[in-house]
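Asker: Pasting a predicted model and its sequence here:
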Amino acid sequence: MDVQKIRQDFYLFKNDNIVYLDNAASTLKPKAVIDALNYYYERLGVNVHRGVYKLSYEATDMYEQARAKVAELLNCQFEEVVFTRGTSSALNLVASSYGMANIEAGDEIITSELEHHSSLLPWQQVAKVKNAKLVFVPLDEDLRITVENFKKVLTDKTKVVALNYISNAMGYITPIKEIIKIAHEKKIVVVVDAAQAVPHMPVDVKELDCDFLAFSGHKMCGPTGIGVLYGKYNLLQKMEPIEFGGDMIDYVGLNESTYKDAPYKFETGTPIIASAIGLKAAIEYLQRIGFNFIIEKETELRKYLVEKMQELDGVTIFNPHTDTGIVAFNIDGVHPHDAASVFDEENVAIRAGHHCAQPLMHCLKQVATIRASLYFYNTKKDIDRLIIAIKKAKGFFDNFI
Ligand code: C6P
């Protein structure tokens with residue numbers, strides 16, 4: 001597969017001289033996705049599940065086909081796919097519904113310091129309200145989650161395990177399948193934050209046997225405002241909705257109402273129609289590219305990036321053994337935000353900050369890091385331009401020291 005040809009699918013690569021290395025925050029969107037959004041807005045533009053006319057039937061059909069496409073991607077049932085605004089709202093749904101109903105005082109919830117805030121805070125809230133305890137898997141010397149360390153914090157009080165599949169700040173792959181197997185021996189429910197996994201590798205929820213799993217469309221070439229909560233159907237069916245109103249009901253009385261079955265009882269009001277249709281186009285696009293190619297490309301680029309950065313003096317890489325295309329670093333004596341601003345002058349777009357992972361920043365003893373995050377459309381030339389930008393930032397700030 002020819003990367004130069006792939007890059008033609010993205011407007012920014014045709015017209016701008018940009019080096020885009022902030023793919024863990026959000027990826028760029030190919031024309032196929034924009035065309036799908038335009039099709040809905042131009043040719044349909046109507047609501048779903050309500051209208052008794054052809055336009056609404058077609059919109060409904062496209063929306064539900066998007067759900068079928070996600071089910072195919074994850075290898076789950078159609079009814080196990082709940083559309084949400086993104087990973088954050090998917091993880092909040094699990095905590096607010098499943099968590100609030102099933103966690104009791106004294107129970108333990110296992111999570112980690114490697115979590116994105118959206119994987120940690122919903123359970124912090126459950127623990128606070130329910131008087132339960134958050135327990136953290138001790139990270140190893142590289143700041144990874146290991147099976148051995150997970151076993152150390154597992155107790156008879158553990159009720160939920162909430163962990164990331166790939167860390168957005170360090171790029172490590174969590175041994176989640178083994179963790180799920182061990183948790184299930186004790187009938188513990190496992191919630192997987194797969195925001196950084198689903199865009200980059202095949203994720204099969206049946207094979208993982210996870211109870212819940214969340215991801216966002218915008219990190220995998222899809223539109224913003226759409227995400228997915230996968231949940232095992234028997235669990236979803238037992239859960240209460242957290243939002244109430246239009247479309248999610250079966251019968252409404254003045255004092256009592258009944259709701260639709262999952263997933264519809266969780267999709268209150270007019271759903272996220274256009275973005276779901278765009279997500280389907282994004283999944284089809286990634287399937288055409290192929291996950292083998294994505295993994296191959298990211299591995300090759302990551303090795304090149306780490307190698308090139310290791311040649312530089314005064315640059316600290318925090319995860320030289322990263323498993324994915326996420327590389328975290330700092331330039332000695334230069335604030336990450338200052339460095340990123342110099343990079344921007346070179347047209348290199350990169351994220352600097354705590355990456356919504358403040359507990360991890362404490363582990364790293366840093367206020368912030370610079371993070372390069374790769375996708376299949378990046379090139380070695382992009383990395384060379386980043387290296388030039390790092391040298392420029394070093395030179396610029398060295399003059400002030
Ligand atoms: N991480 C990053 O730059 P939303 O914003 O809801 O689509 O996804 C939240 C989220 C949850 N978990 C992980 C592992 C994530 O990486 C993210 C989003 C972005 O790293 C924005 S902070």
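Answerer: Sure thing, it's come through.
Asker: Distance of the residue most central in space within the chain relative to G314?
Answerer: For the chain, A195 is the residue whose C-alpha lies nearest the centre (Cα atoms, centre = their mean; 1.4 Å). Distance from A195 to G314, counting by Cβ to Cβ, to the nearest Å: 32 Å. (Each C-beta comes from the backbone N, C-alpha and C, glycine too.)
Asker: Those residues of the stretch 51-200 of the chain touching the ligand, which are they?
Answerer: 86-88, 116, 118-119, 164, 168, 193, 195-196 (Cβ under 6 Å from any ligand atom).
Asker: I meant the stretch 201-350 of the chain, not that one.
Answerer: Counting by Cβ under 6 Å from any ligand atom, the stretch 201-350 of the chain sits next to the ligand at 216, 227.
Asker: What are the boundaries of the helices in the stretch 201-350 of the chain?
Answerer: Ranges of helices in the stretch 201-350 of the chain, per DSSP state H, counting those that start in this stretch, are 205-208, 233-238, 273-289, 291-310, 336-345.
Asker: Give me the mean pLDDT for the fourth one.
Answerer: Spelled out, it's helix 291-310. Here helix 291-310 scores 98 as its mean pLDDT.
Asker: and what of the first one?
Answerer: With pLDDT averaged residue by residue, helix 205-208 scores 98.
Asker: buried stuff in that helix?
Answerer: 205, 208 (16 or more other Cβ atoms under 10 Å).
Asker: Same check on the second one?
Answerer: Taking 16+ other Cβ under 10 Å as the basis for neighbour counts, the residues of helix 233-238 that come out buried are 235-236.
Asker: what packs against it?
Answerer: The contact analysis (3 or more Cβ pairs under 8 Å, 6 or more residues apart in numbering; DSSP states H and E) places helix 233-238 against no helix or strand.
Asker: re the thing from before, for the residue nearest to the centre of the chain, pull up the helix or strand it's in.
Answerer: Using DSSP states H and E, A195 falls within no helix or strand.
Asker: next one: V33
Answerer: helix 31-39.
Asker: Next secondary structure after that helix?
Answerer: Defined by DSSP H and E, the subsequent element after helix 31-39 is helix 54-74.
Asker: hang on, the earlier thing: in the helix holding V33, what's buried?
Answerer: Buried positions in helix 31-39, judged by neighbour count with 16+ other Cβ under 10 Å: 33-34, 36-37.
Asker: gap between stretch 286-300 and the chain center?
Answerer: 17 Å (Cα atoms, centre = their mean, to the nearest Å).
Asker: ok, and for that stretch, which residues are buried?
Answerer: 286, 289, 294-295, 297-298.
Asker: Now A71: closest residue in space that isn't a chain neighbour?
Answerer: F78 (4.8 Å; Cβ to Cβ, 6 or more residues apart in numbering).
Asker: give me phi/psi at that neighbour?
Answerer: phi -50, psi -40 (degrees, to the nearest 10).
Asker: count of residues packed around it?
Answerer: 13 (other Cβ atoms under 10 Å).
Asker: ok, so what distance separates it from Y264?
Answerer: In terms of Cβ to Cβ, F78 sits 11 Å off from Y264.
Asker: anything in contact with each of these two?
Answerer: Here F78 and Y264 share no contacting residue, scored by Cβ atoms under 8 Å, 6 or more residues apart in numbering.
Asker: Tell me the confidence at the residue sitting furthest away from the middle of the chain?
Answerer: Going by Cα atoms, centre = their mean, the residue of the chain most distant from its centre is L254, 39.8 Å out. On pLDDT, L254 comes in at 98.
Asker: Ok, the one 10 residues further on next?
Answerer: The predicted local confidence for Y264 comes out at a pLDDT of 98.
Asker: got the buried residues for stretch 170-190?
Answerer: 170-176, 179-180, 182-183, 188-190.
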